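**Q** Turn this into a structure:
(one chain, ligands or ions: 1)
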Amino acid sequence: MSRFLSESKKRLVPYTPGEQPKTRKFLKLNTNESPFPPSPKAQQCAAEALGTLELYSDPTCAALVKKACALFGVEEDEILFTNGSDEILNFAFMAFCDAAHPAVFPDITYGFYPVFADVNGVPYREIPLDDNFRICVEDYTPAKGTVFIANPNAPTGTALTLSQIETILKANPDNVVVMDEAYVDFGAESAVGLIHRYDNLLVTRTFSKSRSMAGARLGFGIACKELIRDLNTIKYSTNPYNVNAVTMAAGIGALQDEAYTQKNIQTIIENRTYTVEGLQKIGFEVLPSQTNFIFAKHPGIDGEKLYAALKEKGILVRHFNKERIKAFNRITIGTKEQMQILIHTVTEILTAEGIQ
Ligand code: PMP
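**A** Numbering: from 1, shown residues only. Predicted structure coming up:
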């Protein structure tokens, strides 16, 4: 820390991204990326955009907005694109939280929420998940703050139903409710269709998971036009060119190739079932997942020990050193072959430990 760091930032504990090792080739099942490359159409559009990089990108993302509106059934003033969905989440903390509207979110959820709260100097309250690691809707009726719910939740993988989401929206008419739908494409119900009925709903989405574009950094928010206008005020007060031209082009290409996205989603869902069954057969407890990852623990081996043993054998999964969930590991669903390697390797580790 330099002597120049602002007093208000001195105690900031930044978000720790999943490992991206460069030293050795790992089977990467730790950051919920897609195992498939971006659509060929996305790649082609991105390549064409390289020739126009002397110009600033379109701050309104007009061509991308047009395509997305057709796909999601919303108007052009009801959507805002950002640099990953992390950016729109940060905008929401900046726009809709303060001392009178503290952020409220589960105790086990996306680890960036408390960091966004801290960096923006807003107070937050964590509400414990129940013993089955589920969100208790009654805890949010009302929540007495700006609600952030990842649906499905991460790292647990479980989701609320649309009627549960509506219950929360109705109970909090004077607070914004942010539904972070980073993983919704893998089997949960989206709240996008509710934006015309609830002026307090903001839905955030990403191209990082189902559209295989984590490295491009493209996310967006959908909400009524007043909320989107507020978020645009934050965008134009921080970084108007937040989506670069190559990413914007890749996003347009990806939206032109929905069949490719849908096929990959189906494959991931099939591979998830395969993985869950395979791990259950060797004694794992796996939370029901509606995402491209699973959250699993084994009664015979400590979560951190399994994480380390897998790493030793070239497989990276994500372990969280947090009391309530330290028995678990979060494992990204990859290709069938990758999942076969995972199950085989886990079996080997359990055998070596004398557990199988
Ligand atoms: N929300 C949740 C729940 C996530 O797990 C992630 C990815 N780590 C994000 C949002 C942010 O994703 P991105 O910025 O890549 O869109």
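**Q** Going by C-alpha atoms from here, please, whenever you check contacts or count neighbours.
**A** Will do.
**Q** quick one, helices of the stretch 201-350 of the chain?
**A** 225-238, 245-255, 258-281, 303-312, 336-352 (DSSP state H, counting those that start in this stretch).
**Q** Of the ones you listed, give the one that comes closest to P102.
**A** helix 225-238 (17.5 Å; C-alpha to C-alpha).
**Q** Near the ligand, which residues of the stretch 151-300 of the chain? Just list them.
**A** 154, 180, 182, 206, 208, 214, 217, 219 (C-alpha under 6 Å from any ligand atom).
**Q** Please dump those into TSV; it should also carry pLDDT and neighbour count for every row.
**A** Formatted as TSV, these follow (pLDDT from 0 to 100; neighbours: other C-alpha atoms under 10 Å):
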residue	pLDDT	neighbour count
A154	97	23
D180	98	27
A182	98	25
T206	98	28
S208	98	22
A214	98	19
R217	98	21
G219	98	25
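**Q** Could you identify the most distant pair in those?
**A** So, these by C-alpha to C-alpha: farthest apart are A154 and R217, at 18.9 Å.
**Q** how near is I195 to I222?
**A** Remark: distance between I195 and I222 (C-alpha to C-alpha, to the nearest Å) = 8 Å.
**Q** dump the residue contacts of P37.
**A** S212 (C-alpha atoms under 8 Å, 6 or more residues apart in numbering).
**Q** again, only this time at 10 Å
**A** By C-alpha atoms under 10 Å, 6 or more residues apart in numbering, P37 lies in contact with 43, 211-213.
**Q** tell me the SS of it?
**A** Three-state assignment for P37 (DSSP: H, G, I helix; E, B strand; the rest coil): coil.
**Q** pLDDT value on it, please?
**A** On pLDDT, P37 comes in at 98.
**Q** Relative to F186, how far out is it?
**A** 17 Å.
**Q** so how many other residues sit close to the nearest residue to R217 once chain neighbours are set aside?
**A** Of all residues not flanking R217 in the chain, G84 sits nearest, at 4.2 Å (C-alpha to C-alpha, 6 or more residues apart in numbering). Neighbour count for G84, taken as other C-alpha atoms under 10 Å: 23.
**Q** N244 is in contact with G84, correct?
**A** No: if you go by C-alpha atoms under 10 Å, G84 and N244 don't touch, sitting 11.2 Å apart.
**Q** Next, show the common contact partners of these two.
**A** What both G84 and N244 touch, as defined by C-alpha under 10 Å, 6+ apart, is the set 216-218.
**Q** sorry, back to before: now the contacts of P37 in TSV, please, with extra columns for pLDDT and neighbour count.
**A** TSV is the format used below for the contacts of P37 (pLDDT from 0 to 100; neighbours: other C-alpha under 10 Å):
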residue	pLDDT	neighbour count
Q43	98	19
R211	98	27
S212	98	21
M213	98	25
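**Q** of all those residues, which two lie farthest apart?
**A** Greatest spatial distance among the contacts of P37 (C-alpha to C-alpha): Q43 and R211, at 11.8 Å.
**Q** What pLDDT does the model give the closest residue to E19 other than its chain neighbours?
**A** Nearest residue to E19 in three dimensions, chain neighbours excluded: N30, at 7.4 Å (C-alpha to C-alpha, 6+ apart). For N30, the pLDDT comes out at 96.
**Q** same thing with P106?
**A** 98.
**Q** Mind listing the residues bridging to it?
**A** On the basis of DSSP bridges, P106 takes part in beta bridges with I127.
**Q** before we move on, the earlier item: now, the residues of the stretch 151-300 of the chain next to the ligand that are in strands?
**A** 180, 206, 219 (DSSP state E).
**Q** Now the terminal residues of stretch 349-356, how far apart.
**A** Taking C-alpha to C-alpha, the first and last residues of stretch 349-356 lie 9 Å apart.
**Q** Just the residues contacting it, thanks.
**A** Residues contacting stretch 349-356 (C-alpha under 10 Å, 6+ apart): 282-283, 298-301, 306, 309-310, 313, 343, 345-348.
**Q** By proximity to the ligand, which residue of the stretch 151-300 of the chain wins?
**A** T206 (4.3 Å; C-alpha to the nearest ligand atom).
**Q** who does that residue bridge with?
**A** G219.
**Q** you'd agree it is up against D180?
**A** Yes: T206 lies in contact with D180 (C-alpha under 10 Å); the separation is 9.1 Å.
**Q** Mind listing the shared neighbours of those two?
**A** 85-86, 88, 221.
**Q** In helices, which of the residues you listed fall?
**A** 85-86, 88 (DSSP state H).
**Q** May I ask which of these has the most neighbours?
**A** Most surrounded of those: other C-alpha under 10 Å gives I88, at 27 neighbours.
**Q** List the residues that contact it.
**A** Counted by C-alpha under 10 Å, 6+ apart, I88 has contacts 80-82, 94, 180, 202-206, 219-221, 231-232, 234-235.
**Q** circling back to that earlier point, generate a PyMOL selection restricted to the buried subset of the contacts of stretch 349-356.
**A** If you want just the buried ones from the contacts of stretch 349-356 in PyMOL, going by 16 or more other C-alpha atoms under 10 Å, the selection is:
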select buried, resi 298+301+306+309+310+343+345+346+347
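**Q** Kindly report the residues of the stretch 1-150 of the chain close to the ligand.
**A** So far as C-alpha under 6 Å from any ligand atom goes, the stretch 1-150 of the chain lies against the ligand at 84-86, 110, 150.
**Q** pLDDT added to the residues you listed, as JSON lines?
**A** Listed next are these as JSON lines, based on pLDDT from 0 to 100:
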{"residue": "G84", "pLDDT": "98"}
{"residue": "S85", "pLDDT": "98"}
{"residue": "D86", "pLDDT": "98"}
{"residue": "Y110", "pLDDT": "97"}
{"residue": "A150", "pLDDT": "98"}
